[in-house]
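*Asks:* Structure, please.
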Amino acid sequence: MKYIVEHMEEGFSEWVILEYSQIIRDVGSENLILTSLPKTITEKDIPKQLKDMGLQWTTKEIIDLEFQGAKINREKIALLDPAATVDLIPEDKSTIDYFLLAGVLGEHPRKDRTGILREKYKFQGKRLGNLQMTTDTAIRTAHKIINGTKFEDIQFLDYPEIKYNKYESTEMPFRYIVNDKNEPILPEGMLELIRKDADQSIDDLLIDE
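*Replies:* Next up is the predicted model:
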């Protein structure tokens, strides 16, 4: 399964670098590609951490991509869309080869920026529940489902409180998959980023400075 993220941010914030890095750890660099980067971008503009992990990227749109010398079959692409009316199920593995996501940092309350891709490409839409997830959580969830786990059998934690010192914490306005300790699975380094920027709100952290 390939995961295609149409990068819709101006650049690469620390937050998005951590998310993309975690996605590569989860599914492998060969299964992730960022599309629609600005035409002016060059290799030197890609963060070193992502380059070192083998990030694939292109300035092309998804409809112009080729894999193994052949154009992508648009019938095999599904847009992971919170506004979709059909839920992703394990049986979809036989009909989907590529998942497309909008590469935007979360907004709270959620704005329908995935709707830009919905109108632009008109791919089939698949839903992962009714709450907003981070990009890495959405891919982790889709990966579990497409490999046989039903959505209702995945353990989630909604809007977890993240403590970054003895006295202070912040509520994350997203749904997360939990680990075996019932803790939200965050990208490596995310907790340290939250601690470092403890004086900022989560909304501030989500803005690409």
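
*Asks:* got any ranges where the protein has weak pLDDT?
*Replies:* Counting by pLDDT under 70, the chain shows low-confidence ranges at 66-70, 103-113, 198-209.

*Asks:* Helices of that one, residue ranges please.
*Replies:* 14-27, 48-52, 114-121, 135-146, 190-196, 202-205 (DSSP state H).

*Asks:* okay if I get these as CSV plus mean neighbour count and distance to residue 6?
*Replies:* Just so you know, the C-beta spots here come from the backbone N, C-alpha and C atoms, and that holds for glycine as well. Shown next, in CSV, are those (neighbours: other Cβ atoms under 10 Å; distance: least, Cβ to Cβ, whole Å):
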stretch, mean neighbour count, distance to residue 6
helix 14-27, 21, 13
helix 48-52, 13, 16
helix 114-121, 16, 6
helix 135-146, 22, 11
helix 190-196, 16, 22
helix 202-205, 14, 22
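
*Asks:* Select, out of those helices, the one closest to residue 95.
*Replies:* Minimum separation from residue 95 across the helices of the chain (Cβ to Cβ) falls at helix 135-146, 10.6 Å.

*Asks:* Report the angle between that closest one and helix 14-27.
*Replies:* For helix 135-146 against helix 14-27, the angle by axes from the mean of the first three to the mean of the last three Cα atoms, to 10 degrees is 20 degrees.

*Asks:* What helices and strands are in contact with helix 135-146?
*Replies:* Contacts defined by 3 or more Cβ pairs under 8 Å, 6 or more residues apart in numbering; DSSP states H and E place helix 135-146 against strand 2-7, helix 14-27, strand 98-103, strand 175-177.

*Asks:* in the shortest one, what's buried?
*Replies:* Residues of strand 175-177 classed as buried: 175, 176, 177 (neighbour count, 16 or more other Cβ atoms under 10 Å).

*Asks:* quick one: contacts of it?
*Replies:* The contact list for strand 175-177 (Cβ atoms under 8 Å, 6 or more residues apart in numbering) reads 129, 131-134, 137, 140-141, 144, 154-160, 184-186.

*Asks:* still on that earlier bit, distance to residue 23 for the buried residues of strand 175-177 - can I get that in CSV?
*Replies:* Below are the buried residues of strand 175-177 laid out as CSV (distance: Cβ to Cβ, whole Å):
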residue, distance to residue 23
175, 17
176, 14
177, 13
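
*Asks:* hang on, residue 63 packs against residue 98?
*Replies:* No. Contact criterion Cβ atoms under 8 Å: residue 63 and residue 98 do not qualify, at 11.5 Å.
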